[in-house]
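Novice: Have a look; sequence and predicted model below, questions after that.
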Amino acid sequence: MMKSRMTAIAGGLLLAVGLLPQASAAMMHHQGMMMDETGMIMNANPDRLPRDCPQISETVELTIRAGHEHAKKFPGKMFAYDQQEWNVKPCAKINITFINDDHVRHQMMIHGLPGYLYPEGMLHLELFGHGQLKASMILPSRKKTYLVHCELPQHQEKGMKAQLKVDGGDGDLPSIPGLTEPVRADVYPVNWSRQHIGTLLFCLLVGSVVPFLFRKWIR
């Protein structure tokens with residue numbers, strides 16, 4: 001009796017485990033959102049034309065990488081995209097490959113898009129760690145500069161910000177690393193107390209005397 005009951009329980013567990021992938025797959029597509037264990041895509045648009053576009057003007061293959069490695073060229077920044085600006089024609093279709101080179105979450109969000117095509121005016125790609133996602137979008141004909149950034153706390157402030165221009169854009173956005181001046185520049189003040197000055201002088205003295213004594217000693 002006990003053996004048959006254990007067999008039934010084990011069979012039930014195996015059935016439940018077998019059904020989990022199906023349930024997970026069923027949840028992946030929901031109101032413009034696609035999600036799995038690696039990341040999320042929201043509001044991709046591979047085929048719907050904006051109202052002001054009679055046809056697609058060009059198809060652009062765009063690879064955008066995100067991570068700490070790309071911020072090394074910007075002093076004081078922690079994260080960045082590998083490029084900070086892209087320029088496309090009006091009514092262009094963009095096939096985006098978003099690559100996360102880190103093992104922490106990064107996003108690539110484009111804001112200011114028409115709400116009738118992109119809910120909340122946004123395209124959203126997010127990777128929960130190292131990996132890549134692919135999504136497409138079609139831009140309107142309006143001459144405009146769109147914000148591209150990561151909305152995770154402090155990631156934009158630490159350098160993960162760029163701009164996408166249609167037909168040259170309608171201006172530059174502030175605080176784009178390497179391109180435009182920051183709204184508020186980083187300041188690293190030093191409190192020059194007597195203790196700090198004394199420590200600095202001591203280090204300079206040691207750094208000057210010790211090599212001289214060492215050379216004299218080895219002779």
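Specialist: Received the coordinates, thanks.
Novice: Might you calculate how far the strand or helix carrying residue 205 sits from the centre of the chain?
Specialist: Taking DSSP states H and E as the definition, one finds residue 205 inside helix 194-218. The chain centre lies 45 Å from the centre of helix 194-218; the measure is CA atoms, centre = their mean, to the nearest Å.
Novice: One more: stretch 174-182?
Specialist: 17 Å.
Novice: got the end-to-end distance for that stretch?
Specialist: End-to-end distance for stretch 174-182, by CA to CA, to the nearest Å: 6 Å.
Novice: got it, and stretch 33-50?
Specialist: The first residue of stretch 33-50 is 20 Å away from its last residue (CA to CA).
Novice: how about the helices in this structure?
Specialist: 2-26, 194-218 (DSSP state H).
Novice: what are the ranges of the strands in the chain?
Specialist: Along the chain, counting by DSSP state E, strands occupy 29-30, 33-35, 39-42, 59-67, 80-81, 85-88, 93-100, 106-111, 122-127, 131-138, 144-149, 161-166.
Novice: What residues sit buried inside the second one?
Specialist: To tie it back to what came earlier, the one meant is strand 33-35. residue 35 (16 or more other CB atoms under 10 Å). In this view, the C-beta of every residue, glycine as well, is placed from N, C-alpha and C.
Novice: Next, the contact list for the residue lying closest to residue 53 once chain neighbours are set aside, please.
Specialist: The spatial neighbour of residue 53 that comes closest, neighbours along the chain excluded (CB to CB, 6 or more residues apart in numbering), is residue 91 at 3.7 Å. Contacts for residue 91 (CB atoms under 8 Å, 6 or more residues apart in numbering) come out as 49, 50, 52, 53, 54, 55, 56, 57, 138, 139, 140, 141.
Novice: Next, the contact list for the third one, please.
Specialist: Pointing back at residue 52 there. Here residue 52 is in contact with 91, 140, 141, 142 (CB under 8 Å, 6+ apart).
Novice: Kindly present those as a markdown table, with separate columns for distance to residue 157 and pLDDT.
Specialist: Shown next, in a markdown table, are the contacts of residue 52 (distance: CB to CB, whole Å; pLDDT from 0 to 100):
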| residue | distance to residue 157 | pLDDT |
| --- | --- | --- |
| 91 | 33 | 98 |
| 140 | 29 | 98 |
| 141 | 33 | 98 |
| 142 | 28 | 96 |
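Novice: got a winner among these for most neighbours?
Specialist: In terms of neighbours by other CB atoms under 10 Å, those top out with residue 91 at 21 neighbours.
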